[in-house]
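Student: fold the following and give me the result.
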Amino acid sequence: MKNRVTVTIAGQEYTLVAAEDVRYVQRVASHVDAKVQEVLDGAKVSMVDGAVLAAVNIADEYFKEVETAENLRRQLKEYLEEATKMKLELSEAKREIFKLQNQKAK
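Tutor: Numbering: from 1, shown residues only. Presented below is the predicted three-dimensional model:
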């Protein structure tokens, strides 16, 4: 189901059509509005330039988050591989202990 949501970004109203929940769309629009306002408050630029600079800032945040997520996935994969290796070593050690206990009992 498509939702029609009217949001305000940099003083302009926009009607967005999205499959996502209304609150989610409002949150996204609020984030964009804050980024545009941040640029407009920090520099004397036109609305279009402010929007473009805000888009660049948002894209920068996005790519940094993607890189962080990839690093976390890589680290998690390494931890899982290490855990698997340790599990195999533990299993081998248990077999060795069992073998030694059986030899001692004889």
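
Student: who are the packing partners of whichever helix or strand V28 is part of?
Tutor: Element membership of V28, judged by DSSP states H and E, is helix 22-42. Contacts defined by 3 or more C-beta pairs under 8 Å, 6 or more residues apart in numbering; DSSP states H and E place helix 22-42 against strand 3-9, strand 12-18, helix 47-105. For glycine as for every other residue, the C-beta is placed from the backbone atoms N, C-alpha and C.

Student: go again with 7 Å.
Tutor: strand 3-9, helix 47-105 (3 or more C-beta pairs under 7 Å, 6 or more residues apart in numbering; DSSP states H and E).

Student: and the shortest one, what does it pack against?
Tutor: Other elements packing on strand 3-9 under the criterion 3+ C-beta pairs under 7 Å, 6+ apart are strand 12-18, helix 22-42.

Student: columns mean neighbour count and distance to K104 on top of these, output as TSV?
Tutor: Below are the helices and strands packed on strand 3-9 laid out as TSV (neighbours: other C-beta atoms under 10 Å; distance: least, C-beta to C-beta, whole Å):
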stretch	mean neighbour count	distance to K104
strand 12-18	11	70
helix 22-42	15	65
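
Student: what would the ones you listed look like in JSON lines with distance to D49 and mean pLDDT?
Tutor: Compiled in JSON lines, these are given as follows (distance: least, C-beta to C-beta, whole Å; pLDDT from 0 to 100):
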{"stretch": "strand 12-18", "distance to D49": "15", "mean pLDDT": "96"}
{"stretch": "helix 22-42", "distance to D49": "8", "mean pLDDT": "96"}
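
Student: need those in a markdown table with distance to L90, can you?
Tutor: As requested, these are arranged in a markdown table below (distance: least, C-beta to C-beta, whole Å):
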| stretch | distance to L90 |
| --- | --- |
| strand 12-18 | 50 |
| helix 22-42 | 45 |
